[in-house]
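Visitor: give me coordinates for this.
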Amino acid sequence: MNRARLSPVTNLRVLSSLQPSSYLKLSHEVNCELPLKPVVLRQDLPTTPAEDHKKSSLIVRLVHKFRNFLSIYIFEPIRISCRFMYLVILFVPLIVTAPVMLVGKRNPERENETSGSLWWYDFLVVQMERAGPTFIKLSQWAASRTDLFSSEFCRVLSKLHNRVDPHPWSHTKRSIEAAFGGRSMDEIFEEFDKQPIGIGAIAQVYKARIKPGIHGMAVDSANDGTSNHTESVEVAIKVLHPRVDKLVARDLKIMMFFGKILNWIPMLHWLSFPQEIQVFGDMMEKQLDLRLEAENMLRFRKNFAQNPNIDFSTPWKAFVSKNVLVQNYMYGVPLKYFMNSKVNSVYDEKIANIGLNGFLHMLIYDNFIHADLHPGNIMVKFIQPHAKPIGDRLIERFKPTKALEESDDIVRNLLAVKDSPEEWKAQLLSLFEQGYQPQVIFLDTGLVTTLDDDNRRDFLDLFKAIAVFDGYRAGELMVERCRTPELVVNPEGFAHKVENLVNRVKSVTFQLSKVDVSHILASVLSMVREHHVKLEGDFINVIISILILEGIGRRLDPELDILKEAVPILRSLGTQGNGRAVLEGMKELPAGGGWWLKTWFLLEARKFWMDALSFKTEQELFGEFAYFDLV
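Guide: Sure, this is the predicted structure:
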């Protein structure tokens, strides 16, 4: 007679699920060699934990799906509707008062705008501030798009300030403790200033001092090599505002709705509002994830690792989350103090050259460009790169924070005399005599620009127009490669305007330091706007960055020459790998890329002649023969 056989493992599993009475019954049947009957648990027997979990999981999933349904199809539309009504209340007065822009006396000093327009621009700024973080960021973004809007309109928008109240301390505390793995604030910090040192549209920043043990964990991940595990370290902590991501998402949906409506208006079609809103939305999404800012920071540090004149903060990767960014606190003198000083310092020219050189390195060499460069995001500190006595070097080897402490002390001393021009100048002169060199610090790496092949080609063609003076062809190429070439107004006239502009540059040839490159690019953007030549946002970002940086540089050094600063970078790029970079670059560029070599040679020749003629102008020596036609 056949009988059922159970493996030991199966027996163990079955027995473990039975009560004592069932066990005795089963044992008796097996011992009597009776066929094993299916064991049916009584209804009153308890279920297994796995079954309980399965049932509870099913209930949880159903509840979760129901809540999602309510949130997506009921509550969120209600919230969007309420937000929509609030924005209507804010912006209807702007629409009603828009006709005032047609009246009033024109002001020649402000691009011939009417007094009514200037009043309306100021009114717009006030309403955009009231509309919240998304519209504040939108205004700041629009202020940089002189290819779409008038320069005066952009200038007024650039004055917009964040009117954002600090979010509650409870949100900051909860976010930071979550980023540090659930540790309490007392376990993490020796000191924490609850008063934010900066409040922006989407986040606020605190200053704190982290305990040595916590710092040791971060040093291993950051590998910055600037501190040891036994010291506390000052950090800057950025925390996103609560629910700012949801608010931005709602605002973007509303913007897209109106953008699609405006796109139906023929005279506005060239502006491509839906595409521009998408670009703006992508930019906002990047700023709402602080992990991306940390990754950008690390990449910049890698790109400039061999450049002692430029520095970026170090993120603490172990404690970076979507909502929290922890980074080394950077001591530096804000660049605005150098720009606004009533006296020129011995470092002004050097600082201008370092900043411009850094940007050109990002643009030409790395194709990874800081897209939010303005004086508020640039600081300066001072280091002593020259050889030191062996005793000092040994001390710094075993105590690497010594050099940092010296630099921080210098910064504090300079900030203490920033309002006294003579003391400011004297301290900087003293540092110069001791061999200290400026180091430029770039902050806020949340926004970066990387040019794709088409945009990089377009930019280099514009660079070519300035460097080898082929303006008409550059104008043609800009029309051919723009987003909507069929909507361009008078393409021939646009090309001729670019040609005339470049010819004015050609008239001063080697004295390009006398040419305001930012004025040239601003003129190009004005032409682009007038003729409806729709360029890509990344391309415009690069041009705007050049405008800002050259403007900053010329405030510090009126003789700043952007093309002269490009020579060492082009030389390095061209000679790396035994010249392979030149050949590869030429293959990637239009018409065989021969102009790349021409541009490099032109700038090298120009630099040589400017050095040779440092005491006389080229007009005095060569007159009209000063120009070398390399085209």
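
Visitor: at which residues are the helices of the stretch 401-550 of the chain located?
Guide: 401-416, 421-433, 453-468, 471-481, 491-506, 517-531, 537-556 (DSSP state H, counting those that start in this stretch).

Visitor: mind putting these into TSV with mean pLDDT, mean neighbour count and distance to residue 185?
Guide: Every residue, glycine included, has its C-beta placed from N, CA and C. Converted to TSV, those look like this (pLDDT from 0 to 100; neighbours: other CB atoms under 10 Å; distance: least, CB to CB, whole Å):
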stretch	mean pLDDT	mean neighbour count	distance to residue 185
helix 401-416	81	15	24
helix 421-433	92	16	38
helix 453-468	68	20	45
helix 471-481	80	20	54
helix 491-506	82	18	58
helix 517-531	76	19	46
helix 537-556	72	21	38
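
Visitor: quick one, which of these is nearest to residue 335?
Guide: Ranking the helices of the stretch 401-550 of the chain by proximity to residue 335 (CB to CB) places helix 537-556 first, at 7.0 Å.

Visitor: possible to save the helices of the stretch 401-550 of the chain as TSV with distance to residue 193?
Guide: Formatted as TSV, the helices of the stretch 401-550 of the chain follow (distance: least, CB to CB, whole Å):
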stretch	distance to residue 193
helix 401-416	17
helix 421-433	27
helix 453-468	42
helix 471-481	50
helix 491-506	51
helix 517-531	38
helix 537-556	30
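
Visitor: how about those, which one is nearest residue 372?
Guide: Closest among the helices of the stretch 401-550 of the chain, once you apply CB to CB, is helix 537-556, at 8.8 Å.

Visitor: what's residue 270 in contact with, if anything?
Guide: By CB atoms under 8 Å, 6 or more residues apart in numbering, the residues touching residue 270 are 484, 487, 532, 534.

Visitor: can I get the buried part of the residues you listed as one PyMOL selection?
Guide: Only the buried members of the contacts of residue 270 end up in this PyMOL selection, burial being decided by 16 or more other CB atoms under 10 Å:
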select buried, resi 487+532+534
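
Visitor: quick check, nearest of the contacts of residue 270 to residue 442?
Guide: Distances from residue 442 to the contacts of residue 270, taken by CB to CB, are shortest for residue 534, at 30.2 Å.

Visitor: and the pLDDT for that closest one?
Guide: On pLDDT, residue 534 comes in at 79.

Visitor: can you name the residues that contact it?
Guide: Contacts for residue 534 were tallied using CB under 8 Å, 6+ apart; they are 270-272, 482-484, 487.

Visitor: before we move on, the earlier item: between the helices of the stretch 401-550 of the chain, which gets nearest to residue 101?
Guide: The closest of the helices of the stretch 401-550 of the chain to residue 101 is helix 517-531. By CB to CB, the value is 16.9 Å.

Visitor: which SS state does residue 149 fall under?
Guide: coil (DSSP: H, G, I helix; E, B strand; the rest coil).

Visitor: look up the closest residue to it, ignoring the ones flanking it.
Guide: Spatial nearest neighbour of residue 149, excluding adjacent residues (CB to CB, 6 or more residues apart in numbering): residue 142 at 6.3 Å.
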